[in-house]
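> Pasting a predicted model and its sequence here:
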Amino acid sequence: DTAVSQTPKYLVTQMGNDKSIKCEQNLGHDTMYWYKQDSKKFLKIMFSYNNKELIINETVPNRFSPKSPDKAHLNLHINSLELGDSAVYFCASSQIPGSLSSGNTIYFGEGSWLTVV
Amino acid sequence: AQKITQTQPGMFVQEKEAVTLDCTYDTSDPSYGLFWYKQPSSGEMIFLIYQGSYDQQNATEGRYSLNFQKARKSANLVISASQLGDSAMYFCAMRAYNQGGKLIFGQGTELSVKP
């Protein structure tokens, strides 16, 4: 069983379209994240949800809207796609962020490769 | 501000030898965790090892060990007995506990293991 699963894995779409990436975790974690990896492999957080509530919203254009229907799911919807949105988007999950436990690792999904043409 | 720095964009190591990947960090938060992830060419992010800021011992996981030097703010990854399958991108990351738990990543080091 995949712990953090994302769909689709590959997505090619035209500029101006709206698309969604879905994410589910079966680890029982309270917190989920979206990270973006650019063409230079740099990874940056976009959003974080704890128990369905938004707790981190980095400077991301408001064309990007996360939605968490329950604590096991965090979907990413992107409106009016632009060429610069082409990247790999990673979903991740962990236990509550305040824990110092060595087990409080952040686990990543396999990534969703988005190409905007 | 939190920052992670990996100064080695690329490294080569001979199979079966040990290799050290450098990572330095900066934070004013006394409570933080340091992570290393491996990203092979297939793209997934694989968790390797974790070190908490209050941990007295250096973390080890199989062939991976983390050389944690708190005063120097460094958290180098040591891979012993390198294998061809270790060829990948390696990311150091930090999570400060007053920052909502977000991971901040370094630029990554691409490791190539030669047969």
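All right, it came through fine.
> And the helices in chain A?
Chain-ordered helices for chain A, with DSSP state H as the definition, do not occur.
> Up against chain B, what does it have?
A:31, A:33, A:35, A:40-45, A:48, A:55-56, A:58, A:88, A:90, A:92, A:94, A:96-100, A:102, A:104-111, A:113 (Cβ under 8 Å from any Cβ of the partner chain). The way it works is simple: take the backbone N, C-alpha and C, and place the C-beta from them, glycine included.
> ok, 7 Å please
A:31, A:41-43, A:45, A:48, A:55-56, A:88, A:90, A:94, A:97-98, A:100, A:102, A:105-108, A:110-111 (Cβ under 7 Å from any Cβ of the partner chain).
> Could you list which residues are in contact with the residue of chain B at minimum distance from chain A?
In chain B, the residue found nearest to chain A is residue B:101; the distance is 2.2 Å by Cβ to the nearest Cβ. By Cβ atoms under 7 Å, 6 or more residues apart in numbering or on different chains, the residues touching residue B:101 are A:31, A:48, A:94, A:97, B:95.
> before we move on, what about residue B:51?
By Cβ under 7 Å, 6+ apart, the contact list for residue B:51 reads B:33-34, B:59, B:66, B:68, B:75.
> same question, residue B:89
By Cβ under 7 Å, 6+ apart, the contact set of residue B:89 is A:41, B:39, B:108, B:110.
> neighbouring contacts of the worst-scoring helix or strand of chain A on mean pLDDT?
The helix or strand of chain A with the lowest confidence, counting by mean pLDDT, DSSP states H and E, is strand A:53-57 at a mean of 85. Residues external to strand A:53-57 that are found in contact with it (Cβ under 7 Å, 6+ apart): A:45, A:47-49, B:100, B:102.
> Next, the buried residues of it.
Applying a neighbour-count criterion of 16 or more other Cβ atoms under 10 Å in any protein chain shown, the buried positions in strand A:53-57 are residue A:56.
> Equivalent analysis for stretch A:56-70, please.
For stretch A:56-70, burial by neighbour count (16+ other Cβ under 10 Å) applies to A:56, A:60, A:64, A:66, A:68.
> which ones are touching the second one?
Under the criterion of Cβ under 7 Å, 6+ apart, the contact list for residue A:60 reads residue A:46.
> Check the last one too.
When contacts are counted by Cβ under 7 Å, 6+ apart, residue A:68 touches A:32, A:49, A:52, A:74.
> Weed out the non-buried ones from the residues you listed.
The neighbour-count test (16+ other Cβ under 10 Å) marks A:32, A:49, A:74 as buried among the contacts of residue A:68.
> Dump the buried residues of stretch A:56-70 to a markdown table, plus distance to residue B:20.
Below are the buried residues of stretch A:56-70 laid out as a markdown table (distance: Cβ to Cβ, whole Å):
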| residue | distance to residue B:20 |
| --- | --- |
| A:56 | 32 |
| A:60 | 35 |
| A:64 | 38 |
| A:66 | 38 |
| A:68 | 40 |
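> Can you list the residue ranges for strands in chain A?
If DSSP state E is used as the criterion, the strands of chain A fall at A:4-7, A:10-13, A:19-25, A:31-37, A:43-50, A:53-57, A:64-70, A:73-78, A:87-94, A:107-108, A:112-116.
> Packing partners of the second one?
For strand A:10-13, the elements it packs on are strand A:112-116, judged by 3 or more Cβ pairs under 7 Å, 6 or more residues apart in numbering or on different chains; DSSP states H and E.
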